[in-house]
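S.K.: here is a sequence together with a model predicted from it:
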Amino acid sequence: MIATPACVRLTYPAKDYPVLEIDHPSCRARVALHGAHVMEWQPAGHEPVLYCSPETVLREGKAIRGGIPICWPWFNAHPTDPSKPAHGIARNRFWQLTDSQDGGESVELRFELKSADATRAIWDQEFHAIVEVRLGAELHVSLSSHNPGSTPFCMTGALHTYLAVDDIANVEIAGLDGASFVETAGGRREPGVQAGHIKVEGEIDRIYASTSTATIRDGRRTLQIHKHGSASTIVWNPGPEKAANLGDLPAEDFRRFICVETANAPGAEVTIEPGAHHVLRTRIAVS
Ligand SMILES: O=P(O)(O)OC[C@H]1O[C@@H](O)[C@H](O)[C@@H](O)[C@@H]1O
């Protein structure tokens, strides 16, 4: 492990499971090396912005329930092989911490994951993925996907952001008015066009075609999700029945979060030519 500044402390909340705890004037946060996963982020003067389940399992191979899972190189089910892990290979393995800086106004972390025999067994591509996280008054997360191989690869993915809300019943999401979507909750595939704000009434699992900023209000604060390199926005909440079956989420906690994901979903695949790369980035601001 590389040396870290004084504001970044290495902890082990579970055996062989390192998590960085950040205690900085601008924010407090927790970031796991497993999945290069921002678990918690609380800018100074605010309540925690991300939801992380108190029942999440911290174990190699199991995705953390909450924070910002990096879903890559495919979003949700694998396009042709349902036996492959949902949401790809990035969130289920340890990444390497390759840089860590106290930038004064924020803390910067860099994680890398490269193709190896274990990844080729699931996804037979050469790749070099880099996650850069900047934690301060705002949160920036970027995923750069590089192709060091000799054949192009095609990918989807998401920065699957679990936003903490006071009560899902009071949530309104703005910024997607007029965007077309496909509602996929309960295995459906219903197309629609958003009219006005989104209100969440039960399970919702929509893929919006959108490059716009989304604004989330819950009556106590406003969160903005700005994005770059992303043609899809996913809006997901499991609702009461699915939440009760998830196993790593308290049954009532579906009320405590809404996922608004900076994504490129199926239908908005990105092809990376040899030697090229793509950047997917989100910036979260609170007011
Ligand atoms: O339980 P998982 O694998 O973390 O996935 C959670 C959800 O993630 C969302 O991004 C998908 O749109 C949902 O379909 C999926 O159920």
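M.R.: On my side now, so go ahead.
S.K.: mind listing residues that contact the longest strand along the chain?
M.R.: The longest strand of the chain (DSSP state E) is strand 277-286. Contacting residues not belonging to strand 277-286 are listed as 41, 43, 46, 49, 68, 138-147, 155, 157, 159, 161, 163, 221-230, 262-264, 270, 272 [CB atoms under 8 Å, 6 or more residues apart in numbering]. For every residue, glycine as well, the C-beta is placed using N, CA and C.
S.K.: residue numbers of the stretch 101-250 of the chain in contact with the ligand?
M.R.: Proximity of the stretch 101-250 of the chain to the ligand (CB under 6 Å from any ligand atom) is limited to residues 160, 205, 234, 236.
S.K.: narrow those residues to those in strands?
M.R.: Those of these lying in strands (DSSP E): 205, 234, 236.
S.K.: and for Ala3, the neighbour number?
M.R.: Other residues near Ala3 come to 6 when the count uses other CB atoms under 10 Å.
S.K.: and the closest residue to it other than its chain neighbours, what pLDDT?
M.R.: Leaving aside its sequence neighbours, Ala3 sits nearest to Ser100 (CB to CB, 6 or more residues apart in numbering; 7.7 Å). For Ser100, the pLDDT comes out at 98.
S.K.: isn't Ser100 right next to Met1, touching?
M.R.: No. Contact criterion CB atoms under 8 Å: Ser100 and Met1 do not qualify, at 9.3 Å.
S.K.: tell me which of the two has more neighbours.
M.R.: Neighbour count, other CB under 10 Å: between Ser100 and Met1, Ser100 has more, with 22 against 10.
S.K.: contacts for the helix or strand encompassing the more buried one, please.
M.R.: Following DSSP states H and E, the helix or strand that holds Ser100 is strand 96-102. Residues from elsewhere that reach strand 96-102 (CB under 8 Å, 6+ apart): 1-8, 20, 24, 33, 107-113.
S.K.: just checking: what are the partner strands of that strand?
M.R.: Partners of strand 96-102 in the sheet, by DSSP bridges, are strand 107-114 (antiparallel).
S.K.: from the chain's centroid, how far away is the very next helix or strand once past the partner strand?
M.R.: As assigned by DSSP H and E, the chain's next helix or strand after strand 107-114 is helix 117-120. Relative to its chain's centre, helix 117-120 lies at 23 Å (CA atoms, centre = their mean, to the nearest Å).
S.K.: contacts made by helix 117-120 with the rest, please.
M.R.: With CB under 8 Å, 6+ apart as the test, helix 117-120 has contacts from 89, 93, 113, 127.
S.K.: what about the last one, how many neighbours?
M.R.: If I follow you right, that is Phe127. By the criterion of other CB under 10 Å, Phe127 has 23 neighbours.
S.K.: repeat that for the first one.
M.R.: A count of neighbours around Ile89, defined by other CB under 10 Å, yields 22.
S.K.: pretty sure it contacts Ile70?
M.R.: No. Counting by CB under 8 Å, Ile89 stays clear of Ile70, with 9.9 Å between them.
S.K.: ok, back up a step: can you give the strand pairings for the longest strand of the chain, parallel or anti for each?
M.R.: strand 139-146 (antiparallel), strand 222-228 (antiparallel).
S.K.: which one of those strands is the most hemmed in?
M.R.: strand 139-146 (a mean of 21; mean count of other CB atoms under 10 Å).
S.K.: which parts of the helix or strand following that one are buried?
M.R.: Using DSSP H and E, the next helix or strand after strand 139-146 towards the C-terminus is strand 153-155. Judged by neighbour count using 16 or more other CB atoms under 10 Å, the buried positions of strand 153-155 are 153, 155.
S.K.: partner strands of strand 153-155, with direction?
M.R.: Its sheet considered, strand 153-155 pairs with strand 270-272 (antiparallel) by DSSP bridges.
S.K.: list the contacts of the partner strand.
M.R.: When contacts are defined by CB under 8 Å, 6+ apart, strand 270-272 is touched by residues 145-147, 152-156, 264, 278.
S.K.: how far away is the spatially closest residue to Phe75 that is not a sequence neighbour from Val165?
M.R.: Spatial nearest neighbour of Phe75, chain neighbours left out: Thr156 (4.2 Å); criterion: CB to CB, 6+ apart. Applying CB to CB, to the nearest Å, the value for Thr156 to Val165 is 26 Å.
S.K.: for the ligand, what's the nearest residue on the stretch 51-200 of the chain?
M.R.: Residue nearest to the ligand within the stretch 51-200 of the chain: Ala86 (4.2 Å; CB to the nearest ligand atom).
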